[in-house]
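Enquirer: Coordinates for the following, if possible.
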Amino acid sequence: MRIGIFGGTFDPVHAGHLIVAAHVHEALGLDRTVFVPAAVAPHKQGQSTAPGEDRFNMLKLAVEGNPAFDVSDIELKRGGVSYTVDTLEQLGREYQGGSLFLLIGSDNFLEFNAWKDPAGILKYCTVAVLVRPGSPVTEKDVQEKIPGAKIVHVPGIGISSRAIREKIRTSGSFRYLVPEQVFVYIFTHGLYR
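Expert: You can find the predicted model right below:
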């Protein structure tokens, strides 16, 4: 089995996340793509997010009906700062015999050597760097920093969770930026007000 691991805060999950995940799933020939919401992202310590349970529930709703997509709550259950190396070690045990592919954006790739135990990360997975149109990251950059990494060119989608949260706070329209079930969930639970 070829399993893509797509981590992040997903605060909230939006159409861009799903479009990119579907694109990468196909490009890498993955059998499953697992979304992993962070309990506390290392680079977002001290920042306020929606409760983990809500972010997990919205992800479950967003991928509902797609047998290739799944959601794991292992970082939420573990609590504390969510380090990728710890998550990959756990998932490696869970998916024994499977090949893990860690999906990271080209912006995260630039910081990869500052992550906790980058060498350990590479023991557990193949890194797939997602490059958007206009990104300054080249294949040469990727191979120099992470030999053996895959590059996947993904569509540029101008949607961000931060912009969606701001639209909600200011009563702006965000209906088609998130899956319909997520839109309903956000209103029903009064999130981001």
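Enquirer: In the protein, what residue spans correspond to helices?
Expert: Taking DSSP state H, the helices of the chain run over residues 15-27, 52-63, 74-78, 84-94, 106-109, 118-124, 139-145, 161-169, 180-188.
Enquirer: What is the helix-or-strand element of the chain with minimal mean pLDDT packed up against?
Expert: Among the helical and strand segments of the chain, the one scoring lowest on mean pLDDT, DSSP states H and E is helix 106-109, with a mean of 90. Applying 3 or more C-beta pairs under 8 Å, 6 or more residues apart in numbering; DSSP states H and E, one finds that helix 106-109 contacts strand 126-131. Bear in mind the C-beta positions are built from the backbone N, C-alpha and C, glycine included.
Enquirer: Can you name every helix or strand that the strand it packs on contacts?
Expert: So strand 126-131, by 3+ C-beta pairs under 8 Å, 6+ apart, packs with helix 15-27, strand 99-105, helix 106-109, strand 150-153.
Enquirer: Export the ones you listed as JSON lines, with columns for distance to residue 76 and mean neighbour count.
Expert: As requested, these are exported to JSON lines (distance: least, C-beta to C-beta, whole Å; neighbours: other C-beta atoms under 10 Å):
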{"stretch": "helix 15-27", "distance to residue 76": "17", "mean neighbour count": "18"}
{"stretch": "strand 99-105", "distance to residue 76": "18", "mean neighbour count": "21"}
{"stretch": "helix 106-109", "distance to residue 76": "20", "mean neighbour count": "17"}
{"stretch": "strand 150-153", "distance to residue 76": "27", "mean neighbour count": "17"}
